[in-house]
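> Predicted model follows, preceded by the sequence.
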Amino acid sequence: MAKGKLTIDSEKCKGCELCVNFCPKKTLELGKETNTKGYFPVTVVNDECIACGTCAIMCPDSIITVEKE
Ligand code: SF4
Ligand code: SF4
């Protein structure tokens, strides 16, 4: 199974958690520090990403990029 490398544009994240809730590997969680807009952007919390691309599709602002490693 492919591994994924995520790039997240944290300054644009609204912390809506759609990506968090739809990730089959629980790879994303809201971080503990706010961005300059006052939202808690998502961070990667494990190395289980399988590059399925669901998070990138679900994000309303398309701020996640998934690459296969
Ligand atoms: S690509 Fe798939 S497995 Fe990886 S973080 Fe996004 S939803 Fe989770
Ligand atoms: S879906 Fe997009 S805006 Fe919402 S928490 Fe995830 S990365 Fe942030």
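Yep, it's here. Residues are numbered from 1 along each chain as shown. Ligands and ions are numbered 1, 2, ... in the order given.
> Spell out which parts of the protein neighbour ligand 1.
Contact residues, the chain versus ligand 1 (Cβ under 6 Å from any ligand atom): 4, 6, 23-25, 27-28, 49-55, 66. Backbone N, C-alpha and C define where each C-beta goes, glycine included.
> which ones are touching Glu33?
Glu33 is in contact with Phe40, counting by Cβ atoms under 8 Å, 6 or more residues apart in numbering.
> From Asn21, how far off is it?
21 Å (Cβ to Cβ, to the nearest Å).
> what do you get for Leu6?
When Leu6 is compared with Asn21 (using Cβ to Cβ), they lie 16 Å apart.
> Which of those two has more residues huddled nearby?
Leu6 (18 against 11; other Cβ atoms under 10 Å).
> can you dump the C-alpha coordinates of the helix or strand where the more buried one lies into CSV?
Using DSSP states H and E, Leu6 falls within strand 4-8. Output of strand 4-8 as CSV, limited to C-alpha atoms (Å, rounded to 0.1, in the frame of the first residue of the first chain):
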residue,chain,number,x,y,z
GLY,A,4,1.3,9.4,1.5
LYS,A,5,3.1,12.7,2.0
LEU,A,6,0.8,15.5,3.0
THR,A,7,1.3,19.2,2.4
ILE,A,8,-1.1,21.4,4.4
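> can you give me phi and psi for Glu67?
Backbone geometry at Glu67, expressed as degrees, to the nearest 10, gives phi -120, psi 140.
> try Phe22
According to degrees, to the nearest 10, Phe22 has phi -100, psi -10.
> Show the contacting residues for it.
With Cβ under 8 Å, 6+ apart, Phe22 has these contacts: Thr54, Cys55, Met58.
> Most neighbours of all the residues you listed, which one?
Cys55 (26 neighbours).
> Pull up the gap between that residue and Ile8, please.
Distance from Cys55 to Ile8, by Cβ to Cβ: 9 Å.
> swap in Gly38?
Taking Cβ to Cβ, one finds Gly38 at 17 Å from Ile8.
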